[in-house]
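Visitor: Pasting the sequence and the predicted model now:
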Amino acid sequence: MLSVRDVTVAFAGVRALDAVSLEARPGRILGLIGPNGSGKSTLLNVVAGAIAPDSGSVSIEAVPIPAGRPEEVAARGVARTFQIPRLARRLTVIQNMMVGRRDQPGENLLTLLFRPGASRRSERALVVDARAMLARLGLIHLADHAAGGLSGGQQKLLSMGMALMSDPPVLLLDEPAAGVNPVLVEQQIVFLKSLAAEGRTVLLIEHNMEMIADVCDDVVVLDAGTVIARGSPVDIRRNAQVMRSYLGETA
Amino acid sequence: MLQILLNSIVYASEIAVIAVGISLAYSVVRFANFAHIQYAVLGGYFTYAARGLGLGFPVATAISAVLTGLVAIIVERLVFHPLRGLRPEAKMIASWGVALAFRSGVAAVFGGAARVFDVETDTYLLGDAVITSLDLAVVATTIAAMVVLQLLLYRTRIGTGLRALADNRDLAATRGIPPDRLTALMWFLAGAFAALGGTLFALETRLQPDMDLQILLPVFAAVTIGGLSSIAGAVAGACILSLAQNIAIGVDFGAVLSSRSWFLPSQFRDTIAVAAMVLVLCFRPRQLRSGGVR
Amino acid sequence: QSKEPIPIGVIANLTGMDVKTSTDMVRGIQIAADAVNKDGGVDGQPIKLIIEDAQYKTQEALNAATKLYDVDKVPAVIMFGGSSIELAVAPIAKQKGKIIVNTSSSSAKLGDFPGTVYSVLPLDDIVGKALGEWTAAQGVKSAAFVVPNNTFGTGLMDAAATAFEAKGGKIVAKIAYSEGQPDYRADIQQLVSSKPDAIMTTGYGDDSRTIFKDARTLGLKQVWYAGYPSILTVENEAWMNGHLMGVDNGGLSGDVAKKVGADYAAKFGKEEPLPHVFYGYDALMLIARAAAAPGGFSATTMAKSIDGYQGATGAIKWDVRGQRIDPPIDVISYKDGKFVTTGQQ
Amino acid sequence: MSVPPESRAAGAALRLDAVSAGYGPLVILDRLSMALRPDEILLVLGANGSGKSTLLKTVMGLTTITGGILHKDDVDITRWATHRRAAGGIGYVPQNNNVFAGLSVRDNLGMGAYLQPAKRAAAQEAVLDLFPRLRERLGATAGALSGGERRMLSIALTLMADPAVLLLDEPSSDLAPAMIDLVFAAIQRIRRERRIPVLLVEQNVARGLAIADRVVVLVRGSVAADMPAAAVQRDHLHALFLHGSVGAAPAIQAQRSVP
Amino acid sequence: MLDFLVFAVTMIAIWSVVALSLDLQFGLCGLVNFGQILPFALGAYGPAISAAHGGSISAGLALGLAMAAVGGVLVLAPVGRLSQDYWALVSLGASEIFRLLMVNVTPIAGGQDGTAVARVSNPLAALGLALGLLLAMLLLARRIDRSPLGRLMRVLREDDLLVATLGRNPFRVQALVTVVAWLMAALAGALYAHVVGFVAPSSFSVAETFIVWTALILGGAGSLLGAVVGTAFVQFISVSTRFLAAWSGLPFDLVANLRLGIFGVVLVLVFLLRREGLVPERKVRVDAVGP
Ligand SMILES: Nc1ncnc2c1ncn2[C@@H]1O[C@H](COP(=O)(O)OP(=O)(O)OP(=O)(O)O)[C@@H](O)[C@H]1O
Ligand SMILES: Nc1ncnc2c1ncn2[C@@H]1O[C@H](COP(=O)(O)OP(=O)(O)OP(=O)(O)O)[C@@H](O)[C@H]1O
Ligand SMILES: [Mg+2]
Ligand SMILES: [Mg+2]
């Protein structure tokens, strides 16, 4: 279980998060929604260890994560994507996918020098996995294309693929559907559900309400850095405050 | 102590004008132009040549500034413009090639030996510290030049455009800002400031074709301390560096600790410049990484 | 003169640091070569100079030396350079049985290559010792040093300081400045605060001029006692008048030097020749003498070439290590825009 | 690829005749022809990688054009530099990389008014009224803004220049639903009041269709369909998207290199 | 003539190793190191310090390697806090500080005048050693280049936060490549010391770092062969222009200046004509404009 306790973050006087707490459980998809600038991405960054909170803590299975150390958080099995995709632009799509996997024997200099065979074997297996994942994302035809030359939507898909390469128990996704075409979004939805069904914890930030309604088991609504509502997607739809501030519809 | 302060101010002025040119160019084209210091040397020689024709200092310096500005534009057209899109390190190495070519050109025309400007100076005493009329003129010119540049960058549309270009060239073009024309203008300014700085430097010291090697280190240290792309930073960097050097070498540490006088040997002056730079860099606040962590 | 020319190599710093002094040394060599060739060369063989740039860098000097020895097949190279450069080339020359004539470095380590390296420049300690003793004899009680931070400068300083202190003088500051700096205000500042009776110095052209200029602007009034005053460049005649004196190589005031000076003026215009012209001249003349000796050019004939030679830098005497000793020493002072010889040590 | 006759009509705000364009040797748009009529909102749809952004970049002069002619108001602008097109009244909101990340929000807005410095104050007030969130963040560095705030800023920047033609690349992405309503209402209002045509790229098909007059569908860099917005059926689009992206004919393999 | 060529090739081989070590750091990993002459100098000063204090050759070698490994990590330490441009100047500064210390603190290894060390007096033996070292280092670099480690380094070159997000410690990767690269350069430095037989500070100035950079970028950063080809090319221009004097008959001082000028012009021309270097990195092209 992933739990966030009283996390507060301020940037140069601006309170991006104010004592936010939430819990995400294995096998369930937790949606995080809220107006622009309400602190969703900041919260995700805190969970991923990219930002150290001013106060409060994040823990996984009751063990606190090392704040501000993304590499150690990732090593605990947390994978994430960015709202504005980050990729190695000058590497090919398949190479990007392959670095997604952690703990490769070929990344150890000693193994490389004295047991090159181990590295070669793991590479062979890795290529197969990476291609399978690319096929699933509809990017297989771009495998040998430079990642920097992908279109906006394709970059989103690729970065999701990279995150999945290390088979993470916890997955943090920042607007994976923005800029992705509707047919692929439908496939993403199916995909996300299957990931949760495999027992993973998923934290999903989205402005696409259909997707939220469709995949999320629970939803947390942020506004100006505080949680203003939580519950099932249906509950949230009925919440007047959320309707006003976020959905912009008159109830 | 007052003398140390005065020396620092004069030395800071000498390098500041050259340093701001590097910052200016860096902020727009994103590479440190090694040829810039050679522009300063060239500017010094232009002024020297113009003086040789019997022109007064202000006129000779103005001519030199214009000529050097044009040289900078020509180099941009012939070398840096075609190399746009290359990684910054490659452009830096190319700029080093340009500097070599200029240095040998200057040496071929003017000879390898040093030249000095003949200037009559008056000496003034402030307590037991000495300052010359030339020092005063150099400091005043430097201050005036900085004010002009500051106004140009922060009070005019050109400045606005330059800053946009510096941040995101393509996006700037889509806002109607003409990238090539503004870049040329920027090079002209950088060249002209280099010429002015080179002339001031030569007035206080001497002219020789390879003096870029001597100025390189302090100037780049100053620019770096100041944060590479900020004009005010470059000036501040020049002051910090100059003070560090002059205090380290000018203060009698022996007298502070005991009765015997002991100075840090002056050969360590460049070491001080470099060490100051390294220290400032290591302890300056962390830069925002491009795009943050979003 | 239809015979094959004799190739002679020259390695000097023609770009980067020390350009002016190097250039003058090469010009002295050229004057000597012209003189030899005009007299019909060495047994009818003209001398051909091959001049290489070392850029004051070991690697470049080595490239130049291997080219000269292997491609141009020169028997001898005249070198101008920091000791580090000459010391790097010396083992190669030794291995190949070639000769180096040193015109500018006064490091004692060059003596480790007897039979390979010959110096026309006297060792610093000789002139340094003379300077220290002579300065003390002028009644100077305390002095500060300002010299370039190289073997030549610090070697001379150490020898002069020892001699000066032995005569009861007091050294209040020893400043070794980095060569080639655009200004030396901070160094002069240290000098001023040490409040010496007099200043002892040596150095080369441009740097010394800058030193003098900064000293003048910072209000220094003391007298300068110099080793080799003639290689210093005076910056302001009026200010320096009567304030600069010292001990120098005595030969430079001799007849040969006057003739070389005239040739220099004829060939290169009105510029005042630096003493390096004379060292260069002597270096080549000695090589020519060795080549003309019975048996041709070799380490043996080279060692003997000085016998009876009266050069532009006076008579030359080598110790067993090929280092120049016992040079004639003059006392020189700067008056009314030029150096005049006022006596002999 | 057959070109609907109305695309050739004179008097179009923008007209592309058999334009081929791409990145260096890579050709993405394949002899594409289309027109943007005065005061219409034209929605461009297409699978990921079908060339929508490339189309807008080509109009803006940010790609390599290897063939065809591009007209604005019947003037050939094919060879114009980007800044000249902007000065000629084309306003562009890029999909990514769309603000001056190192400058403050206030300075960014200044760049928006670069072409008309005199009108800056009024124009700035107008966009800040549209995006009150930005008013609170005027002093912040644009690179530190949240995804949605960035998008707002980039739209604001473009609106400030008072363009005669608007190119919008996925303006709704990253925006919260309430904000999308505001932005789309603003687009419609601007179109109505100033009578300027809008070329709109959207993956949010439902939203786009709600305000568009006409729809063009891109498949592999060419126009595959051109129809009134009202005539669009969901199944129809579904097939196109499938065909364009996940299906058998991948976009990238259709691209040829210039000889 | 033969000796001359042998010496030239020996030097090319030694400097190629330095260029190769820079290629590992910059070409693959994106570490902009403007002080690459420092590990070379440390490697050379190991033998020099040992010789100056009566130590053995192997003690000198060990000292040089140890200094380089420790120095590498020390110089790298601030990198986490700095953006690349600044780190470039920090590394430059470190190399200058070391050189200035060697110039000014005479007891360490002879100051400005330097120190003699044991010399490999047989030119062919020197050549063999240099080529052997180059070959071994090329193989090592190639193995790293083509491995998952090389791939990770290339990601690091573009985005260190991405590397961290993917669960690897960017600093550890940087430290690893720095230590390997610095040991490489230090080996080259030690060999240089013994081939030349003399170590002095003037061989290790900033200008030398730039020559290595020039070689690497002319050759094609990111490609291992490029490092060697670039070094050979640079040495070739430098050496071949020496024959200019005999050929042109111009005055000697003009020729010396022209040589440098030609070097500069050729350098710029190669950039203009072959933007990616003589042997470009095998890579996929991406345009600057993002989607
Ligand atoms: N590094 C930073 N420096 C200053 N302010 C920041 C920084 N990062 C975020 N902020 C501010 O904190 C607030 C919350 O940002 P955050 O990115 O978490 O919003 P968000 O909920 O993800 O919004 P969106 O839906 O638009 O992506 C915003 O107002 C933003 O401007
Ligand atoms: N800078 C670039 N360099 C090389 N190829 C590129 C570049 N930008 C885009 N491409 C390629 O051009 C094709 C079209 O890209 P474009 O960005 O126009 O797609 P798009 O329709 O906007 O997609 P999306 O909906 O995902 O934004 C893609 O296949 C992409 O790989
Ligand atoms: Mg966000
Ligand atoms: Mg797009």
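Guide: Great, that's in hand. Residues are numbered from 1 along each chain as shown, chains lettered A, B, ... in the order given. Ligands and ions are numbered 1, 2, ... in the order given.

Visitor: Please tell me how far the spatially most central residue of chain C sits from residue A:71.
Guide: Nearest residue to the geometric centre of chain C (CA atoms, centre = their mean): residue C:104, 4.3 Å. According to CB to CB, to the nearest Å, residue C:104 and residue A:71 sit 58 Å apart. Glycine gets a C-beta too; all of them are placed from N, C-alpha and C.

Visitor: now the strands: where do they sit in the stretch 101-250 of chain C?
Guide: Along the stretch 101-250 of chain C, the stretches classed as strands by DSSP state E, counting those that start in this stretch are C:117-119, C:142-148, C:170-177, C:198-201, C:223-227, C:244-249.

Visitor: Of all the residues in stretch C:261-281, which ones are buried?
Guide: C:261, C:263, C:264, C:273, C:274, C:275, C:276, C:277, C:278, C:279, C:280, C:281 (16 or more other CB atoms under 10 Å in any protein chain shown).

Visitor: Any part of it near chain B?
Guide: No. Applying CB under 8 Å from any CB of the partner chain, one finds stretch C:261-281 separated from chain B by no less than 8.8 Å.

Visitor: Can you get me the start-to-end distance on that stretch?
Guide: Using CA to CA, to the nearest Å, the end-to-end distance of stretch C:261-281 comes out at 11 Å.

Visitor: what's the host helix or strand of residue E:87 packed up against?
Guide: Using DSSP states H and E, residue E:87 sits within helix E:84-104. In this structure, helix E:84-104 packs against helix B:211-225, helix B:269-283, helix E:37-52, helix E:57-76, helix E:106-109, helix E:206-219, with contacts taken as 3 or more CB pairs under 8 Å, 6 or more residues apart in numbering or on different chains; DSSP states H and E.

Visitor: before we move on, back to that, how about the strands of the stretch 101-250 of chain C, which one is nearest residue B:263?
Guide: strand C:170-177 (7.4 Å; CB to CB).

Visitor: ok, back up a step: which one of the buried residues of stretch C:261-281 is nearest chain B?
Guide: Taking CB to the nearest CB as the measure, residue C:274 is the one of those closest to chain B, at 10.0 Å.

Visitor: Specify the local secondary structure of that closest one.
Guide: Here residue C:274 takes the coil state, with states given by DSSP: H, G, I helix; E, B strand; the rest coil.

Visitor: show me where the chain has strands.
Guide: Picked chain A for this. Secondary structure of chain A, counting by DSSP state E: strands at A:2-11, A:14-24, A:29-33, A:55-60, A:63-64, A:78-80, A:170-174, A:201-205, A:218-223, A:226-231.

Visitor: switch to chain E, that's the one I care about
Guide: Using DSSP E, strands in chain E cover E:115-116, E:198-199.

Visitor: Tell me if the first one is near chain C.
Guide: So that's strand E:115-116. Yes. Interface with chain C: strand E:115-116 contributes residue E:116 (CB under 8 Å from any CB).

Visitor: Tell me the strands beside that strand, with direction?
Guide: Sheet pairing of strand E:115-116 (DSSP bridges) gives strand E:198-199 (antiparallel).

Visitor: Columns mean pLDDT and mean neighbour count on top of the helices and strands packed on helix E:84-104, output as CSV?
Guide: Compiled in CSV, these are given as follows (pLDDT from 0 to 100; neighbours: other CB atoms under 10 Å in any protein chain shown):
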stretch, mean pLDDT, mean neighbour count
helix B:211-225, 82, 25
helix B:269-283, 78, 21
helix E:37-52, 94, 28
helix E:57-76, 92, 19
helix E:106-109, 85, 16
helix E:206-219, 89, 25
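
Visitor: Make CSV from the ones you listed and add distance to ligand 4 to it.
Guide: Converted to CSV, those look like this (distance: least, CB to the ion, whole Å):
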stretch, distance to ligand 4
helix B:211-225, 39
helix B:269-283, 40
helix E:37-52, 46
helix E:57-76, 39
helix E:106-109, 61
helix E:206-219, 34
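
Visitor: ok and the host helix or strand of residue B:194 relative to helix B:211-225, angle-wise?
Guide: For residue B:194, the enclosing helix or strand under DSSP H and E is helix B:179-204. Counting by axes from the mean of the first three to the mean of the last three CA atoms, to 10 degrees, helix B:179-204 lies at 120 degrees to helix B:211-225.

Visitor: Nearest residue to residue 33 in space, ignoring adjacent ones along the chain?
Guide: Reading this off chain A. residue A:221 (5.5 Å; CB to CB, 6 or more residues apart in numbering or on different chains).

Visitor: that's the wrong chain, I wanted chain C
Guide: Residue C:33 sits nearest to residue C:47 (CB to CB, 6+ apart), 4.8 Å away.

Visitor: One more: residue D:209?
Guide: Excluding the flanking residues, the one nearest residue D:209 by CB to CB, 6+ apart is residue D:229, at 5.5 Å.

Visitor: ok, back up a step: work out the gap between the helix holding residue E:87 and the centre of the chain.
Guide: 14 Å (CA atoms, centre = their mean, to the nearest Å).

Visitor: Kindly report the same for stretch E:127-147.
Guide: 14 Å.

Visitor: what do you get for stretch A:96-115?
Guide: With CA atoms, centre = their mean, you get 24 Å for stretch A:96-115.

Visitor: touching chain E at all, it?
Guide: Yes. Counting by CB under 8 Å from any CB, chain E is contacted by stretch A:96-115 at A:96, A:98-100, A:102, A:104-109, A:112-113.

Visitor: Please identify which of those is nearest to chain E.
Guide: Out of the residues of stretch A:96-115 next to chain E, the member with the shortest distance to chain E (by CB to the nearest CB) is residue A:106, at 3.4 Å.

Visitor: Give the other helices and strands that the helix or strand of chain E with the lowest mean pLDDT contacts.
Guide: Taking mean pLDDT, DSSP states H and E as the measure, chain E has helix E:244-248 as its least confident helix or strand, at a mean of 75. Judged by 3+ CB pairs under 8 Å, 6+ apart, the packing partners of helix E:244-248 are strand C:47-53, helix E:252-273.

Visitor: Distance to ligand 1 for those - can I get that in CSV?
Guide: CSV is the format used below for the helices and strands packed on helix E:244-248 (distance: least, CB to the nearest ligand atom, whole Å):
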stretch, distance to ligand 1
strand C:47-53, 54
helix E:252-273, 38
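
Visitor: Quick check: which ranges of chain C have low pLDDT?
Guide: Within chain C, the segments meeting pLDDT under 70 span C:1-2.

Visitor: got a list of what the nearest residue to residue E:48 once chain neighbours are set aside touches?
Guide: Closest residue in space to residue E:48, ignoring its immediate chain neighbours: residue E:199 at 3.7 Å, by CB to CB, 6+ apart. Residues in contact with residue E:199 (CB atoms under 8 Å, 6 or more residues apart in numbering or on different chains) are E:44, E:45, E:47, E:48, E:109, E:114, E:115, E:117, E:193.
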